[in-house]
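Trainee: could you work out the structure for the sequence below:
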Amino acid sequence: MTNNNNQYICWFENLTSDDVSIVGGKNASLGEMIRSLKDEGVRVPDGFATTADAYRKFLEANQLNEKIKSHLSELESDKTPLEKVGKSIRKLFHSADFPEDIASKIREAYDQLSQRYDTQDVDIAARSSATAEDLPEASFAGQQETFLNVTGYEELLEACRKCYASLFTDRAISYRQAQGFDHLKVALSVGVQKMVRSDKSSAGVMFSLDTETGFPDVVVIDAAWGLGENVVQGSVTPDEYRVFKPLLEDANLKPIIEKKQGAKEQKMIYAKGGSETTQNIDTSSQERNSFVLNDEEILQLGQWASAIEAHYQKPMDMEWAKDGDTGDLFIVPARPETVQSQKEAGSLKTYSLKEKGKEILSGLSIGDAIAAGKVCRIKSAADIDRFEENTILVTGMTDPDWVPIMKKAAGIVTDQGGRTCHAAIVSRELGIPAIVGTGDATSALENGQEITISCAEGDRGLIYQGILEYEESELNLEEIPKTQTQIMMNVASPDAAFRWWRLPCEGIGLARMEFIINNVIKIHPMALIHWDELEDEDARQQIQDLTQGYEDKTEYFVDNLARGIAKIPSNVELAEEFSERFDGFSIGSNDLTQLVLGVDRDSGDLSHLFDERNLALKKMIRRLIKTAHQCDRKVGICGQAPSDHPDFAAFLVEAGIDSISLNPDSVSQVKQQVAQQEGKR
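Mentor: Residues are numbered from 1 along each chain as shown. Predicted coordinates:
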């Protein structure tokens, strides 16, 4: 840290990531970004931080250490409930005063920040930053509070006092106890940062990896109108965007692979008078039906996320805001991602349903597990004592007060929220499945109703009626051998590519476009072309709802098809002629078998004749491979046959196939077989 000549105040530009013990992880990160990433165009609002020394002197001057210790001893002896202990400790802070030497330094720094922005009383955000915050093995994110639209000396000192008190929220106390942290050895710094006028525009959260699967090559961005607290707290369902990082450096490309429009039910703005500095208002229909960010802004944030991750050399969790006065984007807090990045890389746990059920509701899947049980519907934190252990918690949204019962839940379902809401973050930390942003789970699901929630089927989390049977398996990735033959995957859902990214394979060999059209686009292309001519009013309204934000409705089809394919003909007899126009061949083993043998694979009467290992079929495959290789073209095969028949996989390797594309659950088994066959060459 550059010398600030002040043990109580540090300006962000003088801080580095090595100063966590002085100003906490959040503020140290802000300083690091301002110092190191300015040349890369990353914008961070200016500000300063109070130090851990200021916090400790505040405790000492108000004789709080012994009083806090006394209250905590009541908790440890189980004499007093956590809620009462936390409230008593926070009350001590609220009634304490700042020593004059600290208060005067805060006022001086505030005056200087106001001068930097050429105003008298600059509006600021006061953000809590714990000095043990965001260590690789622990995340204190969301446990302490942030106060927005703070102006003037008195409001600033009061916000600092409230930030100090938030070090003893119920969630923070219970978390430190679980992690073995000494409560009095953790200090708190307050980051005082120029407000970005996102109340007039938008804000949100982003991660430099996929939050559900840990896939490292995407940036996930959540966005909503107004100040960003609604996104962080999960009180709205935000827009969600995904960007493919490896292609961001090419200015000729637009690597946005997903855009989902959220309901964005409310927005937080500056309050007009009264004791509260912010307030929530309903969004307009135009705001709800519009994307928050345009493509250029999505790509800009994606580039910044990549630059920040590259600088820190670890996956990052960032908040961003757009200034409604200037139109500029800014990064506000940034911290290491502490869930997916800490998972073991050597194994892959998978879940799958063993039976199909009746789908009754859906939302965003958090995690990739499955849970079944009875619904325990709780609409208010005041009623959390009614929660029954190992049931499915169903509620509107959660906040830190809900954590004690979330730990006891088999799964969680919420009406509101996106991938970065409180319920999603805590569910990932706890390793339990959650489905957020369902819209109406609290009204659609009855208390005591038996349901199964599945996060194992991609991006869309599904809620089924009844208790369904499912299985869990774990695969040791380190035991899967390398092969010369490329082993690839077949995927039905684009999101499955993210789910299985840890498997050691060479990419996607088959993606089913009909799934993208049926489940992502949901509209026949001709209905988009002739939308003005449709007579069915219900169909017109459904199309209108799905294509909000698109003046040209055909572009909706093109964009969504491209993004689906982004997630991430073969003719044996005329192989030489086709080689003049195509880069390679893909064999569909089922289709080729039907063609060669003249057998319908769906006919029960003829099923005994359907065999991909028939000699005629093998001769055609061998001839295709030979001709294609003579023309310097590659050949791959997609189908179930290599998975079902080890001898067929061995034949393909012996014949010189370049790649075999399989269902994900067959990759490990077939790789073993292929490696054995390659060893016989």
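Trainee: how many neighbouring residues does V558 have?
Mentor: 14 (other C-beta atoms under 10 Å). (Each C-beta comes from the backbone N, C-alpha and C, glycine too.)
Trainee: can you give the distance of the host helix or strand of it from its chain's centre?
Mentor: Following DSSP states H and E, one finds V558 within helix 553-566. A distance of 22 Å separates the C-alpha centroid of helix 553-566 from that of its chain, computed with C-alpha atoms, centre = their mean, to the nearest Å.
Trainee: quick thing: my sequence starts at 11, can you match it?
Mentor: Right, with 11 as the first residue, what we last looked at is helix 563-576.
Trainee: and the contacts of it?
Mentor: The contact list for helix 563-576, computed with C-beta atoms under 8 Å, 6 or more residues apart in numbering, reads 254, 265-269, 504, 521, 523, 526-527, 530-531, 533, 535, 538-539, 541, 553, 556-557, 560.
Trainee: hmm, 7 Å instead?
Mentor: Residues external to helix 563-576 that are found in contact with it (C-beta atoms under 7 Å, 6 or more residues apart in numbering): 254, 266-269, 504, 521, 526, 530-531, 533, 535, 538-539, 541, 553, 557, 560.
Trainee: what does stretch 328-342 give?
Mentor: Under C-beta under 7 Å, 6+ apart, the answer for stretch 328-342 is 43, 52-55, 203, 206-208, 210-216, 238, 307, 310-311, 314-315, 318, 343-344.
Trainee: among these, which ones are in helices?
Mentor: Among those, DSSP state H puts M43, E307, Q310, L311, W314, A315, I318 in helices.
Trainee: quick one: the residue nearest to the second one when sequence neighbours are not counted and E155, what's the gap?
Mentor: I take that to be E307. In space, E307 comes closest to L339 once its chain neighbours are excluded; the distance is 6.3 Å by C-beta to C-beta, 6 or more residues apart in numbering. Distance of L339 to E155, given as C-beta to C-beta, to the nearest Å: 25 Å.
Trainee: tell me which element S139 falls in.
Mentor: Per DSSP H and E, S139 falls inside strand 134-140.
Trainee: could you point out which element follows that strand?
Mentor: strand 156-160.
Trainee: and that following strand with strand 134-140, angle?
Mentor: Interaxial angle of strand 156-160 relative to strand 134-140 (axes from the mean of the first three to the mean of the last three C-alpha atoms, to 10 degrees): 160 degrees.
Trainee: other residues contacting the helix or strand that strand 156-160 is followed by?
Mentor: Downstream of strand 156-160, the next assigned helix or strand under DSSP H and E is helix 163-175. Applying C-beta under 7 Å, 6+ apart, the contact partners of helix 163-175 are 60, 65, 68, 100, 103-104, 106, 108, 113, 116-117, 120, 134, 136, 138, 154-155, 157, 160, 198, 200, 202.
Trainee: any idea which of the ones in helices among the contacts of stretch 328-342 has the most stuff around it?
Mentor: A315 (29 neighbours).
Trainee: my guess is that one meets V228, correct?
Mentor: No. A315 is not in contact with V228 according to C-beta atoms under 7 Å; the separation is 9.6 Å.
Trainee: and the strand holding S139, what does it pack against?
Mentor: helix 30-46, strand 156-160, helix 163-175, strand 198-204 (3 or more C-beta pairs under 7 Å, 6 or more residues apart in numbering; DSSP states H and E).
Trainee: list the helices and strands the shortest one packs on?
Mentor: Think strand 156-160. strand 134-140, helix 163-175.
Trainee: tell me which strands the first one pairs with, and in which orientation.
Mentor: According to DSSP bridges, strand 134-140 has the following sheet partners: strand 156-160 (antiparallel), strand 198-204 (antiparallel).
Trainee: out of these, which comes closest to E222?
Mentor: Among these, the nearest to E222 by C-beta to C-beta is strand 156-160 (25.6 Å).
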